[in-house]
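1. requesting a structural model of the entry that follows:
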Amino acid sequence: MVTMLFELRSDLNVIKKGGLLKKATSWINDFDAWFIEFLNGYSLTILRISLAVIFIWFGVLKIFGDSPANDLITKTIYWFNPDVFIPILGAWETAIGLCLIVPFLNRAGLFLLALQMPGTFLPLILLPEVCFQSIPYNLTLEGQYIIKNLVLIGAAMAVGGRLTPRKIENVSTPTN
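-> Numbering: from 1, shown residues only. Just a heads-up that it's a prediction; the model follows:
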């Protein structure tokens with residue numbers, strides 16, 4: 001309590017001497033450093049878990065046949081039976097999410113994501129009339145749903161970019 005009073009008295013003296021701007025600048029700089037340190041400590045985990053939630057959520061909706069994307073998927077991948085393909089796609093997306101939750105499975109999840117993502121852009125090519133009001137820039141709601149995957153790809157790249165490289169030892173073959 002006594003130290004707080006001395007600090008307050010010191011702060012008041014600084015203000016009286018015209019140091020208010022210096023004190024405010026110092027406080028802003030301290031806050032800025034703290035906030036950046038906080039972001040560095042937690043942002044990657046939050047990003048990884050956010051990706052996981054999105055993939056699990058969208059995947060489970062597909063498994064139970066409740067995804068708003070079902071019609072778009074059916075029209076795009078018309079050569080597969082949607083009653084079979086959409087639940088498999090949902091299980092795939094759910095697996096991506098689950099792998100992103102468990103840190104030692106992140107590589108597997110990012111690999112599955114990398115295999116899945118190109119297919120999400122197929123409607124832009126196969127169904128431009130569904131994805132665009134005016135080609136190439138005025139997107140429909142479906143087109144926006146697809147383009148948002150660019151953010152998911154960027155987030156996955158950020159998560160993957162922070163993984164620690166594996167070091168696999170050379171395995172020598174036994175000689176007889």
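2. can you pull the pLDDT of Ser26?
-> As predicted, Ser26 sits at a pLDDT of 86.
3. for the helix or strand containing it, packing partners?
-> Element membership of Ser26, judged by DSSP states H and E, is helix 20-63. Packing partners of helix 20-63 (3 or more CB pairs under 8 Å, 6 or more residues apart in numbering; DSSP states H and E): helix 2-16, helix 82-101, helix 106-120, helix 149-161. For glycine as for every other residue, the C-beta is placed from the backbone atoms N, C-alpha and C.
4. right, so the ones you listed: which one is the most enclosed?
-> Of all the helices and strands packed on helix 20-63, helix 82-101 carries the top mean neighbour count, a mean of 19, counting by mean count of other CB atoms under 10 Å.
5. what's it packed up against?
-> helix 20-63, helix 70-76, helix 106-120.
6. and of the ones you listed, who's closest to Gly143?
-> Among these, the nearest to Gly143 by CB to CB is helix 70-76 (10.0 Å).
7. now do that closest one, average pLDDT.
-> Here the average pLDDT along helix 70-76 is 94.
8. buried set for that helix?
-> 70, 72-73, 76 (16 or more other CB atoms under 10 Å).
9. out of those, which one sits closest to Arg166?
-> Of all the buried residues of helix 70-76, Arg166 sits closest to Ile73, with 34.6 Å by CB to CB.
10. quick one on the thing from earlier: figure out which of the helices and strands packed on helix 20-63 is closest to Tyr137.
-> Taking CB to CB, helix 149-161 is the member of those nearest to Tyr137, at 14.5 Å.
11. what's next to that closest one, contact-wise?
-> For helix 149-161, contacts defined as CB atoms under 8 Å, 6 or more residues apart in numbering pick out 44, 47-48, 50-51, 54, 100, 106-107, 110, 113-114, 117, 120-121.
12. taking these, tell me the two that lie furthest apart.
-> Spatial extent of the contacts of helix 149-161 (CB to CB) is set by the pair Leu44 and Phe121 at 25.9 Å.
13. worst-scoring helix or strand of this protein, pLDDT-wise?
-> Sorting the helices and strands of the chain by mean pLDDT, DSSP states H and E puts helix 2-16 at the bottom, at a mean of 64.
14. so what's the closest residue in space to Gly109 that isn't next to it in sequence scoring on pLDDT?
-> Nearest non-adjacent residue to Gly109, counting by CB to CB, 6 or more residues apart in numbering: Cys99, 2.8 Å away. Here the pLDDT value assigned to Cys99 is 98.
15. surely Cys99 and Glu93 touch.
-> No - assessed by CB atoms under 8 Å, Cys99 is found out of contact with Glu93, at 10.8 Å.
16. show me what the helix or strand where Pro123 lies is packed up against.
-> Using DSSP H and E, Pro123 sits within helix 122-126. If contacts are counted by 3+ CB pairs under 8 Å, 6+ apart, helix 122-126 sits against helix 70-76, helix 128-131, helix 141-147.
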